[in-house]
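[1] for reference, the sequence and a predicted model appear below.
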Amino acid sequence: MNRISVQVILFVLLMVELSAGIGENKIISAEEVRMRANSGQQLYFDGSTIVGDLNLSGLKIVGSVHFNSTIFLNSVNFSFANISGPSYFIKANFQGPAQFFGSEFVGPAFFSFSEFNNTSFSSSKFSWFASFLYSKFNEEVDFSSSDFKEYANFCGSYFHKSASFSFSSFNCDGDFVGSTFNNSVDFSSSNFYRSANFHNSRFNGPADFQNGDFNSVAFIDAWFNSSVDFLGSKFNSRADFWFSKFISHVDFQRSEFNGIAFFPNSYFNKIASFSYSRFNQSAIFWASGFNDTVYFNESSFNGDSDFLHSTFSGDAFFKESEFNDSTKFNESEFKGDAVFMSSVFKGKAYFWDSTFNGNVKFIISEFNDAAEFIDSEFNEEASFNDAVFKGDTSFNSSHFKEDALFWNTTFVGKLSLSRTRYKKLYIRWHDINSSLVYDDAAYMSLLKNFQELGYFLDYDSCYSQYVKENGSQI
């Protein structure tokens, strides 16, 4: 059954039940409810107030139960109960503790617009719909190790204190659109086998998604106002984090993205770590903002990686990372250090119009295809020592305002330095002799640079080659 069909049926059932209306509020003792349940009578208590501790634990209840707009003044215990028909708790108010531990809801379970205090649905099984639409959980709530089979709806729900969904299985669509988690929430080791939707949700306390297993997941315009942990999580299909806001620390270390990873226009206010992660399809970080240090150390980008127009306000670490397809950092700004030491670029690498305000380190990096740093600006020391450029390389129209270090750098393809400006370019002629693309101004700049550095042998060799190249241009 597809998601739209599930939502339509759910809406119809809700409307039918609500259209029946709620009668005059009646005071019912918990003992009377228990006696009816034990004798197999139908439980119709819509609009009632249940007084006393209600214990229906372990019972097998045949047929539907009706507690719409019911007020439970004391504790409620449905632990290990089995309800074969629809369960209606719409607009119910649980003023005491509510225990549904290990319960099984064979029919649809409607808890929409209900209010809970200190509640446990741990290890429960929802075989059909489970609707907690716009429900309010005033105290701690536990859904750990629960099993949702058909459709789980928590849209617009409010969790005032800690909430746990750890080790739960969503064999269906899980909707948390517009939900608010005002305290800590734990989804660690949970499995979402279909879609998980947290669009426009608010996480005001720590959020734990460690070792989560997601099919398609959407956190579009979600706000994480405290720390969030996706350590070791697995995203098996598309992962949408468009316009998400990470106000505190975020950890995606050792995560695996098997579908496209979308982070366009996302904002990372504190330290963000993606180290040791694998992006097996495209990784999209268009126009994202990293306000603190960001780590992508030893990560693998197996599809194209796109950081167009992104801003790195802290240090950016891509040490020992592997880019196996094209990489784009065009028009990005690095306000801190940019560290790409020992990284491997197997596809084209584009850094057009990029600005590097801190130190730049591409030491021992390897570029197996074209590397283009056209119109880029390096405002502090830039080091490409021991780097290997196997494809064509261009620094055309780039500006090195401080030392540019190219000690023992290897250029296998062509090297273009047209309109390249630099204060001091530490490079040896024998490293670029066979690669440098002829440009009159580029040769003049190199000759002046070798002379000022005292590299007189390099100057002589460069001049000889210039005369030869210049003559061939006539």
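    Arrived safely. If you're wondering where the values come from, they're calculated on a predicted model, not measured in any experiment.
[2] can you show me the helices along this protein?
    Ranges of helices within the chain are 3-19, 30-38, 429-432, 440-453, 456-473, based on DSSP state H.
[3] so what secondary structure elements neighbour the last one?
    Read that as helix 456-473. In terms of contacts (3 or more CB pairs under 8 Å, 6 or more residues apart in numbering; DSSP states H and E), helix 456-473 is packed against helix 429-432, helix 440-453. Glycine gets a C-beta too; all of them are placed from N, C-alpha and C.
[4] can I get those in a markdown table including mean neighbour count, distance to residue 41 and mean pLDDT?
    Formatted as a markdown table, the helices and strands packed on helix 456-473 follow (neighbours: other CB atoms under 10 Å; distance: least, CB to CB, whole Å; pLDDT from 0 to 100):
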| stretch | mean neighbour count | distance to residue 41 | mean pLDDT |
| --- | --- | --- | --- |
| helix 429-432 | 16 | 91 | 96 |
| helix 440-453 | 16 | 93 | 97 |
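[5] of all those, which lies closest to residue 162?
    Closest of the helices and strands packed on helix 456-473 to residue 162 is helix 429-432, at 59.9 Å (criterion: CB to CB).
[6] hang on, the earlier thing: columns distance to residue 78 on top of the helices and strands packed on helix 456-473, output as JSON lines?
    Listed next are the helices and strands packed on helix 456-473 as JSON lines, based on distance: least, CB to CB, whole Å:
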{"stretch": "helix 429-432", "distance to residue 78": "76"}
{"stretch": "helix 440-453", "distance to residue 78": "80"}
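[7] for those, which one sits closest to residue 170?
    helix 429-432 (56.8 Å).
[8] show me the contacts for residue 417.
    Listed by CB atoms under 8 Å, 6 or more residues apart in numbering, the contact partners of residue 417 are 395-396, 436-437, 439, 442, 445-446.
[9] ok, of those residues, which one's closest to residue 87?
    residue 395 (68.3 Å).
[10] my read is that residue 153 contacts residue 135, right?
    No. The pair residue 153 / residue 135 is not scored as a contact, 9.7 Å apart, by CB atoms under 8 Å.
[11] need the overlap of contacts for those two.
    Shared contacts of residue 153 and residue 135 (CB under 8 Å, 6+ apart): residue 112.
[12] and of the helices and strands packed on helix 456-473, who's closest to residue 356?
    Residue 356 sits nearest to helix 440-453 of all the helices and strands packed on helix 456-473, at 20.0 Å, using CB to CB.
[13] which other helices and strands does that closest one contact?
    strand 421-422, strand 425-426, helix 456-473.
[14] and the last one with helix 440-453, angle?
    The one in question is helix 456-473. For helix 456-473 against helix 440-453, the angle by axes from the mean of the first three to the mean of the last three CA atoms, to 10 degrees is 170 degrees.
[15] list the buried residues in helix 456-473.
    For helix 456-473, a neighbour-count test (16 or more other CB atoms under 10 Å) marks 458-459, 461-463, 465-466 as buried.
[16] and stretch 294-307, what's its mean pLDDT?
    For stretch 294-307, mean pLDDT is 98.
[17] low-confidence regions, the chain specifically.
    Counting by pLDDT under 70, the chain has low-confidence residues at 1-24, 472-474.
[18] repeat that for 90
    Applying pLDDT under 90 to the chain flags residues 1-25, 40, 469-474.
[19] quick test: name the residue nearest the centre of it.
    residue 241 (5.4 Å; CA atoms, centre = their mean).
[20] for that one, give its distance to residue 318.
    For residue 241, the distance to residue 318 equals 19 Å [CB to CB, to the nearest Å].
[21] surely the residue nearest to the centre of the chain meets residue 265?
    No. Counting by CB under 8 Å, residue 241 sits too far from residue 265 to count as a contact (9.5 Å).
[22] so what's residue 298 up against?
    Residue 298 sits next to 275-276, 319-321 when contact means CB under 8 Å, 6+ apart.
[23] which strand residues sit across from residue 163 in the sheet?
    Taking DSSP bridges, one finds residue 141, residue 185 as the beta-bridge partners of residue 163.
[24] surely it is in contact with residue 183?
    Yes. Residue 163 is in contact with residue 183 according to CB under 8 Å; the separation is 7.4 Å.
[25] looking at these two, which one has more neighbours?
    Using other CB atoms under 10 Å, the more surrounded residue of residue 163 and residue 183 is residue 163, with 25 against 16.
[26] what residues are up against that one?
    Shown in contact with residue 163 (CB under 8 Å, 6+ apart): 137, 140-143, 181, 183-186.
[27] and residue 360, how far is that from residue 337?
    Separation of residue 360 from residue 337 (CB to CB): 7 Å.
[28] tell me which of the two has more neighbours.
    Legend: neighbour count by other CB under 10 Å for residue 360 and residue 337, higher for residue 360 (27 against 19).
[29] partner residues bridging the closest residue in space to that one that isn't next to it in sequence?
    Among residues not flanking residue 360 along the chain, residue 382 sits closest, at 4.1 Å (CB to CB, 6 or more residues apart in numbering). Beta-bridge pairing for residue 382 (DSSP bridges): residue 360, residue 404.
[30] and residue 382, how many residues sit next to it?
    Neighbour count for residue 382, taken as other CB under 10 Å: 25.
[31] correct me if wrong: it contacts residue 403.
    Yes. Residue 382 is within contact range of residue 403, at 7.5 Å (criterion: CB under 8 Å).
[32] now do the contacts for residue 279.
    Residues counted as contacts of residue 279 (CB under 8 Å, 6+ apart) are 257, 261, 299-303, 305.
[33] and if you look at residue 204?
    Residues in contact with residue 204 (CB under 8 Å, 6+ apart) are 180-183, 225-226.
[34] farthest pair in those residues?
    By the measure CB to CB, 180 and 226 form the most distant pair in the contacts of residue 204, at 12.8 Å.
[35] burial count for the closest residue to residue 129 other than its chain neighbours?
    Spatial nearest neighbour of residue 129, excluding adjacent residues (CB to CB, 6+ apart): residue 108 at 3.9 Å. Using other CB under 10 Å, residue 108 is surrounded by 22 other residues.
[36] do residue 287 as well
    By other CB under 10 Å, 16 other residues sit near residue 287.
[37] wait, it touches residue 265, no?
    Yes. Assessed by CB under 8 Å, residue 287 is found in contact with residue 265 at 5.0 Å.
[38] between those two, which contacts overlap?
    What both residue 287 and residue 265 touch, as defined by CB under 8 Å, 6+ apart, is an empty set.
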